[in-house]
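J.: Below is the sequence, then the predicted model.
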Amino acid sequence: MSVEVGNAGAAAAGTPGRDSDSKTRGWGDTCLEVKKVTMQFGGLKALADFELTMEPGELVGLIGPNGAGKTTAFNAITGVYAPTSGEVLVCGEQVNGQRPHQICGRGIARTFQNIRLFKELTALDNVRIACHQQRRAGFIASFLRTRSFLDDEARITKRALEFLDVMGLTRLRDERAKNLPYGEQRRLEIARALATGPKILCLDEPAAGMNASEKVALMELIRKIRDDFKLAILVIEHDMRLVMGVSERLVVLDHGVTIARGVPEKVRKDPKVIEAYLGDSYLEEKHIAIPAHSGEQMVEGEVPSEESSVNEVQA
Amino acid sequence: MTEFLQHLVNGVSVGTIYALIALGYTMVYGVLKLINFAHGDVYMVGAFSGLYIARGLGVDAEPSLGKALVVFVGAIVVCAALGVTIERFAYRPLRQRPRLTALITAIGVSFLLEYGFQLPPILQGEVPFPPGPTPRFFPEPFARVDYEPFGVHISNYDMVSLAVAVGFMFVLQYIVYRTKFGTSMRAVSFDASIAGLMGINVNRVISWTFAIGSGLAAAAAILVAGSRPSINPLLGLLPGIKAFVAAVFGGIGNVQGAMVGGLVLGLAEEYVSGYLLSSYRDGIAFALLILVLLFKPEGLFGRARAEKV
Amino acid sequence: MDFSRLILRSLLPLIIGIPILWAINGHLSGAAEIILMTAGIDVILAVSLNVVNGFTGQFSLGHAGFMAVGAYTATKITVASRSLEIIGLPAAVSDQVIFLVALVAGMIMAGLMGLVVGMPSLRLRGDYLAIVTLGFNEIIRVIIENTEFLGQATGISGVPYRTNLIWVGVGVIVTVMMARRLVGSTHGRALLAIREDEVAAEAMGVDTTGYKVRAFVISSAFAGLAGGLLVHLIQLCTPRTFTFVKSIEVVVMVVLGGMGSITGSIIAAVVLRFGVEGLREVQQYRMVAYSIMLIALMLTRPEGIFGTRELWDYIPKLRKRISS
């Protein structure tokens, strides 16, 4: 599979937005740098000074309560919105301010919170459109059906079929996307995003609406994609077990502000994170105090996962 | 100087008419997000309703203020009913459909009115129904008196028209911003489903919005019919498009925008065609439309809406 | 060897079609031929509009304006060169060559106008785009009516009769070829993606604005072709032929046939044209019937006869052979 990887070379160390306690694979230089990105809509600051650095092979989870600004962060990174301030760099090149299709060309692909498949088109066509950037023949060539055009089509179809295969959707290739079962639709969205040949994959709530076993399968799939395609993957998720299980580190947003970052074990115990999800009355109830600066301990609880009940929180 | 004032008077005069029609467009777009292509033709129906009522009352033989009032109110009532009927049968079933479907239906209704009124007559009479393509003449509701203050031509028709139009606009302003109904209307234009969940009878609000908008169009038609008595089934085409431009210019969905837009268009037409090329008069509206849509599509008072991804 | 295969592959429909048209030409009755030609021009209009309204999902209401651009350009050339003859060719052939040049020039000008109109407008939302295109349609008409060079309201006189079944037939074949090949290519899929979900298309690397403009330009160019063919059939080139009513008529064809279906556009255009001709006596009722049909269609079956499907979608075996 032809997916480009960031330039081989020494891994960057001590870059902002990263934590020293997460490991790198040495698959290449930093591929995503988000520097102090702010999104302001009129009077509302949906995202404040968002920072993130990713290297190929990293799996980062972006979590936070509803309305925290996670999808806004995605939109700012992928160009749906132009950041009010701040920079986004892909492999060292600035992309903020460019149009989404240009940013896609630079190597960022995404899925959407509410599935945005091309409903009336077949699964195969959905993925073939993502291969559009690999075309070489222009309009006139397609009209005249030249050899280069036919080669294009063959190559694009072959590539699309490969990605359908990766996601296990080959037998559904000719089904209209709107007719696919929900889980298949989510997988098709991922296949489509992969087919653009990204360096960075942004998944917006990929597990929404899935049952427990589907989520486990999805976790495996995400890791496999990361390994096979050597991508950096950024995941928004609400399912704590899933995102903590699959992420190597987490970034936590609340009301647009980054309130915590680090490895899952550390983040789940961070009182600011607990407060964001459960409210300060919970904190009072459980006698959990919020330290003045993060880094001090005083941790007595942790963010519960979906399945565990509140009573199981360790004091 | 006289010329300047004359253009001013004419511009305001025709501008208020555009404003009245524009209000219908803007209110309907506000609550339904639909460009009611048929609105200009409701204006035309208003003119013809007035004509039939006037003939029925024998206005040209014995004009009187009372009869004029009956004609005026009658036309408004007829058109309000027409607007409500159109909404009920042509637009309401399509509320959940993509906007394009309703737009095409609106085009269909518009054509139906225009060409329906051009059919050969079914009911005979002095003026048969349908009236057919030949122009008909609106009788004078009361005697016309011309004045010439400072060398500027103005007739009592113009003054009445201006007074009534401005009066209606003030009343509408009051309704929209100071009554419970107005608040419901604004709520529905903001988000219809949430408004429904808040206990607002959305269907009723929309019906009344159509009624008011169509009524205002009829009022405009009657006011114009005094000074321009020739009416025909395609009467609503040009004023309809121009009023639409006015509404877009002011910010479609915005009531004050429609009023300002109407005045601006009326004045622009007068001054540009007066001092430059008169044959391009009708093109000015289109040029204004293109300019607005290219540089500030949300209009003067509108706010750009970002789509949530 | 490869070049001849390329010619065969790309021009096969024409290679088959032209001899057939040549054979039929002149053997039908005058009236039948005229109806057929008018229907063919309608097909060109409907299919070309479908590229924008159906494939790309943009609502354009100004098709007649681009027809006008093509028509007037072509007319100016044919009228100016009435007395001209290309050296070495007999008069009849020379006329045909000039006609070809005129039609192509018309297409180019119409396409350019599509670029001028499309580039700034295509970032506007659905209903706004409809209004802008309508506005341009009327502006073009107003400009023509006020320009002496273009004959103003009375139009250009002395338009020669050049259109015949072969020309219209070739026009139809080329238009349908264009649409069919477009939709079966990655460029066509990009247009469909824009129709389905513009945000997602953009996120997958499709330059949505660029493609919308391209679709607009192609559509306008072929509208220009239809315009050129029409005026040289009716021998009349006035602005009255190209009002927004004409645009609406084309929209009705596309909506009736199904926005996004080439087959639908072809069938709807033919059905409506034959229907109109059949109802010649009741001409006044035509528009009323039109509007009632439009309303009824939107209320009952807004996707039209074919929706987004093509004829071959109903023939599974054929479909598998085409898509592989």
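T.: Great, that's in hand.
J.: Could you list the residues of the stretch 1-150 of chain A in contact with chain C?
T.: Along the stretch 1-150 of chain A, the residues adjacent to chain C under the rule Cβ under 8 Å from any Cβ of the partner chain are A:78, A:80, A:99-101, A:104-105, A:109-110, A:112, A:116-121, A:125, A:128-133, A:135, A:139, A:142-147, A:149. For the C-beta atoms, the positions are set from N, CA and C on the backbone; glycine is no exception.
J.: rerun at 6 Å
T.: A:100-101, A:104-105, A:110, A:116, A:118-121, A:125, A:128-130, A:132-133, A:135, A:139, A:142-145 (Cβ under 6 Å from any Cβ of the partner chain).
J.: just the strands in chain B please.
T.: B:136-137, B:146-147, B:154-155, B:230-231 (DSSP state E).
J.: Now tabulate the ones you listed in a markdown table and tack on mean neighbour count and distance to chain A.
T.: As requested, the strands of chain B are exported to a markdown table (neighbours: other Cβ atoms under 10 Å in any protein chain shown; distance: least, Cβ to the nearest Cβ, whole Å):
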| stretch | mean neighbour count | distance to chain A |
| --- | --- | --- |
| strand B:136-137 | 16 | 49 |
| strand B:146-147 | 10 | 50 |
| strand B:154-155 | 17 | 46 |
| strand B:230-231 | 16 | 46 |
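J.: Which among these is found nearest to residue C:8?
T.: strand B:230-231 (63.1 Å; Cβ to Cβ).
J.: Give me the contact list for that closest one.
T.: B:47, B:135, B:136, B:138 (Cβ atoms under 6 Å, 6 or more residues apart in numbering or on different chains).
J.: Near chain A, which residues of chain C are found?
T.: Residues of chain C found near chain A (Cβ under 6 Å from any Cβ) are C:9-10, C:181, C:185-187, C:189-190, C:192-193, C:196-197, C:200, C:202-207, C:308.
J.: What's the ChimeraX line that selects buried ones from these?
T.: The buried residues among those can be selected in ChimeraX (16 or more other Cβ atoms under 10 Å in any protein chain shown) with this line:
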select /C:10,181,185,186,187,189,190,192,193,196,197,200,202,203,204,205,206,207,308
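J.: in the stretch 201-315 of chain A, which segments are predicted with low confidence?
T.: Along the stretch 201-315 of chain A, segments meeting pLDDT under 70 span A:279-315.
J.: ok, 90 please
T.: For the stretch 201-315 of chain A, applying pLDDT under 90 flags the ranges A:207-215, A:237-246, A:265, A:267-315.
J.: Going along the chain, name the strands of it.
T.: A:232-236, A:249-254, A:257-262 (DSSP state E, counting those that start in this stretch).
J.: tilt between the shortest one and strand A:249-254?
T.: Compare the direction of strand A:232-236 with that of strand A:249-254 by axes from the mean of the first three to the mean of the last three Cα atoms, to 10 degrees and you get 40 degrees.
J.: Give me the most central residue, the chain.
T.: Reading this off chain A. residue A:202 (2.4 Å; Cα atoms, centre = their mean).
J.: that answer is for a different chain, and I need it for chain C
T.: residue C:45 (2.6 Å).
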